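Visitor: Got a predicted structure here, sequence first:
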Amino acid sequence: MKPKLVAKETSAKFVKIRCPKCKNEQIMFGKASTIVSCLVCNKNLAEPTGGKSRIKARVLEILE
């Protein structure tokens, strides 16, 4: 009897953030492996830590 394959749900989420400088809203991956910059003013909004990103902007919502 073969075991059934079950899809694993990941703990990684997308995060909607707002730039503190220009108030631009954008969506980023919660475990980003590169520095995330604002698309308008180029300010660093998040940096990688080896796991979850260190977010320097305001988190508006966590998307599933």
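Guide: Great, that's in hand.
Visitor: OK, contacts around residue 29?
Guide: 12, 14, 15, 53 (C-beta atoms under 8 Å, 6 or more residues apart in numbering). The C-beta positions use only the backbone N, C-alpha and C, and glycine is treated the same way.
Visitor: Kindly provide the distance from it to residue 57.
Guide: Look at residue 29 and residue 57: by C-beta to C-beta, to the nearest Å, they are 14 Å apart.
Visitor: ditto for residue 45
Guide: Computed with C-beta to C-beta, the distance linking residue 45 and residue 57 is 4 Å.
Visitor: intersection of neighbour lists for these two?
Guide: Overlap of the contact sets of residue 45 and residue 57 (by C-beta under 8 Å, 6+ apart) consists of 17, 19.
Visitor: Looking at the two, which is more packed in?
Guide: Taking neighbours as other C-beta atoms under 10 Å, residue 45 and residue 57 compare with residue 45 leading, 25 against 22.
Visitor: Note down every partner strand of the helix or strand containing the more buried one and its orientation.
Guide: Using DSSP states H and E, residue 45 sits within strand 44-47. Sheet pairing of strand 44-47 (DSSP bridges) gives strand 36-37 (antiparallel), strand 54-55 (antiparallel).
Visitor: which one of those strands lies closest to residue 19?
Guide: Closest approach to residue 19 among the strands paired with strand 44-47 is made by strand 36-37 (9.3 Å; C-beta to C-beta).
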